[in-house]
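Q: quick one: sequence plus predicted model below, questions after.
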Amino acid sequence: MASADRALIGRFADNAWAELGLADNTLASYRRDLEGFACWLAAAGSGLAAASRLQLQDYLAQRSLHGGTTGRGYKARSTARLLSSLRQFYAWLQREGRLEEDPTLLVDAPKLPRSLPKALGEADVEALLRAPSVETPLGLRDRAMLELLYATGLRVSELVGLTAAQVNLRQGVLRVVGKGGKERLVPLGEEAGHWLERYVLTSRPALLKGGQAAALFVTARRAGLSRQMFWNIVKKHAQVAGIPASRISPHVLRHSFATHLLNHGADLRALQMMLGHSSLTTTQIYTQVAKEGLKRLHARHHPRG
């Protein structure tokens, strides 16, 4: 990859972080996508700023046919994400006055199947919440985290990023900082509030051993948890609860929170606010999940299902 392209990618990432407040993971994805295209262009003696629409189409075609670790090509979702990254990059180049024609124009993104979020049944959620042993500081911490995630629908990154200052147990709300630095207030609910208060009063001081930490949820080493650490916690307790690994993901309790609320008559707009979705369209997919669940219920129990 040419040094000029490397510098361009760096400036684009800095600008995207400053103007859009994008998360580190999103910026890392942009960098990977742009660096992959830049390396392919370098082999052809070209660079990002001089790339043509034909070159972009050739690159996408080669990825679809030969890319990926399996040799069977990249999936449509990966190609759509790549094209989104390139659109953002070339739109920025045009705003900077460094580009006359955007090579991504008239390039169609692949059609993606509408995938529905996975959600656990209410009985499985109850089994998962009861799995940690609350007699130990770490077990009580895990119970509080699982209860909080299911009660609020937080993203995993929001959960592990919570500070003690963001919790108001008296009012029963969290002040959550979501994507793009946007803040929202999320109600705890009585059950999650109960477990969180127990954790804050007993387990957290025991784990801190007289020390201090900004993070709400801490390890035995008095540090905050990473997303990967929490994912390992979920997998461990899911195994105890008898939930197959194929039905668990880092996002599964968030999806279960949304689906179960809708099943019990929650308002879609209120759900949008609690989830921190910028668009109601994103939230509406959960209505489809609820409908699919009703269809399965009808097919299983109705005499003419």
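A: Good, I have the coordinates.
Q: what about residue 263, neighbour count?
A: Residue 263: 15 surrounding residues under other C-beta atoms under 10 Å. Bear in mind the C-beta positions are built from the backbone N, C-alpha and C, glycine included.
Q: quick one: pLDDT of it?
A: Looking at residue 263, its pLDDT reads 70.
Q: can you report phi and psi for residue 176?
A: phi -100, psi 140 (degrees, to the nearest 10).
Q: residue 126 versus that one, what's the distance?
A: To residue 126, residue 176 is 25 Å away according to C-beta to C-beta, to the nearest Å.
Q: neighbour count winner among these two?
A: Using other C-beta under 10 Å, the more surrounded residue of residue 176 and residue 126 is residue 176, with 21 against 13.
Q: next, give phi and psi for residue 61.
A: The phi/psi pair for residue 61 (degrees, to the nearest 10) is phi -70, psi -40.
Q: correction: residue 219
A: Torsion angles, degrees, to the nearest 10, at residue 219: phi -90, psi 180.
Q: residue 233 versus that one, what's the distance?
A: Taken as C-beta to C-beta, the span from residue 219 to residue 233 is 10 Å.
Q: joint contacts of these two?
A: residue 225 (C-beta atoms under 8 Å, 6 or more residues apart in numbering).
Q: contact partners for residue 4?
A: Here residue 4 is in contact with 47, 49 (C-beta under 8 Å, 6+ apart).
Q: ok, now which ones touch the residue nearest the centre of the chain?
A: By C-alpha atoms, centre = their mean, the chain has its centre lying nearest to residue 155, at 6.1 Å. The contact partners of residue 155, by C-beta under 8 Å, 6+ apart, come to 178-179, 251, 254, 276.
Q: phi first, then psi, for it.
A: phi -70, psi 150.
Q: again, but for residue 167
A: phi -110, psi 130.
Q: kindly report the same for residue 163.
A: Residue torsions, per degrees, to the nearest 10, at residue 163 are phi -110, psi 160.
Q: distance check, it against residue 128.
A: 25 Å.
Q: before we move on, the earlier item: more neighbours: residue 219 and residue 233, which one.
A: residue 233 (18 against 15).
Q: tell me how far that one lies from residue 23.
A: In this view, residue 233 and residue 23 are 22 Å apart by C-beta to C-beta.
Q: next one: residue 9
A: Distance of residue 9 to residue 23, given as C-beta to C-beta: 17 Å.
Q: and if you look at residue 229?
A: With the distance defined as C-beta to C-beta, residue 229 ends up 18 Å from residue 23.
Q: the more surrounded of the two?
A: residue 23 (16 against 13).
Q: quick one: residues contacting that one.
A: So residue 23 contacts 157, 179 (C-beta under 8 Å, 6+ apart).
Q: pLDDT value on it, please?
A: On the pLDDT scale, residue 23 gets 71.
Q: same check on residue 38?
A: In this prediction residue 38 is given a pLDDT of 91.
Q: what about it, which helix or strand?
A: helix 24-43 (DSSP states H and E).
Q: go on, residue 186?
A: Here residue 186 is assigned to strand 183-187, by DSSP H and E.
Q: same question, residue 91
A: Residue 91 belongs to helix 76-95, assigned by DSSP H and E.
Q: how far off helix 24-43 does that helix point, in degrees?
A: Helix 76-95 runs at 80 degrees relative to helix 24-43, counting by axes from the mean of the first three to the mean of the last three C-alpha atoms, to 10 degrees.
Q: what about dumping the CA coordinates of helix 76-95 to PDB?
A: Taking C-alpha atoms only, helix 76-95 is exported to PDB below (Å, rounded to 0.1, in the frame of the first residue of the first chain):
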ATOM      1  CA  ALA A  76     -22.900 -10.400   0.600                       C
ATOM      2  CA  ARG A  77     -23.100  -8.700   4.100                       C
ATOM      3  CA  SER A  78     -19.300  -8.300   4.100                       C
ATOM      4  CA  THR A  79     -19.400  -6.800   0.600                       C
ATOM      5  CA  ALA A  80     -22.200  -4.400   1.600                       C
ATOM      6  CA  ARG A  81     -20.200  -3.200   4.600                       C
ATOM      7  CA  LEU A  82     -17.100  -2.700   2.500                       C
ATOM      8  CA  LEU A  83     -19.100  -0.600   0.000                       C
ATOM      9  CA  SER A  84     -20.500   1.400   2.800                       C
ATOM     10  CA  SER A  85     -17.000   2.200   4.100                       C
ATOM     11  CA  LEU A  86     -15.900   3.200   0.600                       C
ATOM     12  CA  ARG A  87     -18.900   5.500   0.100                       C
ATOM     13  CA  GLN A  88     -18.100   7.300   3.300                       C
ATOM     14  CA  PHE A  89     -14.400   7.600   2.300                       C
ATOM     15  CA  TYR A  90     -15.100   8.900  -1.200                       C
ATOM     16  CA  ALA A  91     -17.800  11.300   0.000                       C
ATOM     17  CA  TRP A  92     -15.200  12.800   2.400                       C
ATOM     18  CA  LEU A  93     -12.600  13.100  -0.400                       C
ATOM     19  CA  GLN A  94     -15.100  15.000  -2.500                       C
ATOM     20  CA  ARG A  95     -15.900  17.300   0.400                       C
END
